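>>> Predicted model and sequence below, questions to follow.
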Amino acid sequence: MTLFSRIAFAGGLLVSALLFGGCATTDDTTFFPTGEATNAAPAQLARFQVGDTVTITLSGGPVGEDPAPITESVKDDGTITMPDIGKVQAVGQTAGQLQDAIHDAYVPKYRPHLTVTVTTGDRVYYVTGEVHQPNRELYVGETTVTRAITSAGDFTDFANRKSVWLIRGKHRIKVNCDDILDHPEKDPLVFPGDQIVVPRRLY
């Protein structure tokens, strides 16, 4: 590596450190329950998260006049946008609750009769940075930060294990994965749409 390349690389590391170091953190378990929070987990797992893909089918109108299915990603503000009625809250809702909310917003003001069907696409989370296989991972059931990192090929030799970031919408926390080895109850749960960022050590 040339001297210029080394200087540029070191500068990039410094910028990354400043960016992540300046981010606010939170200990709010509403956003970041741990693997011990099993009583609350099943209900939360069934609810939409930021980044989920939702397909809404509207039917029950005159023959040939039903619109094509609408596919939306849940935005950072927790909503999806529907024709005529605008934003509808999706985060925290089950498929059934979202169907009811959309139905009640349309009927009877816009449609006298309507059947709403809500389905979801593949639910994924993302592991990036200093892991051997950075990629999006298919969410197939309850998992935690350390298990998600293992599924992405585990840490590289350059990973900063003590400052892993778990990002959920506008919220983020710093996770010390070395500490979790002795205290597995501190391992945060990962949900669809989450991002796990493993930074590089500075030395």
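Alright, I've got the coordinates. Numbers count the residues shown, from 1 in each chain.

>>> so where do the helices sit in this protein?
Taking DSSP state H as the test, the helices found in the chain are 3-21, 41-45, 95-106, 145-151, 177-182.

>>> Any idea how many residues pack against the residue lying closest to Thr156 once chain neighbours are set aside?
Closest residue in space to Thr156, ignoring its immediate chain neighbours: Glu130 at 4.5 Å, by Cβ to Cβ, 6 or more residues apart in numbering. To be clear about C-beta, it is placed using only N, CA and C from the backbone, and glycine gets the same treatment. Counted with other Cβ atoms under 10 Å, residues neighbouring Glu130 total 19.

>>> Correct me if wrong: Glu130 contacts Ile196.
No. Using Cβ atoms under 8 Å, Glu130 is not in contact with Ile196, being 11.0 Å away.

>>> wait, what's in contact with Asn176?
Asn176 makes contacts with Arg161, Lys162, Ser163, Val164, as judged by Cβ atoms under 8 Å, 6 or more residues apart in numbering.

>>> how about 10 Å then?
Asn176 makes contacts with Asn160, Arg161, Lys162, Ser163, Val164, His183, Lys186, as judged by Cβ atoms under 10 Å, 6 or more residues apart in numbering.

>>> Show me the two of these that sit farthest apart.
By the measure Cβ to Cβ, Asn160 and His183 form the most distant pair in those, at 18.5 Å.
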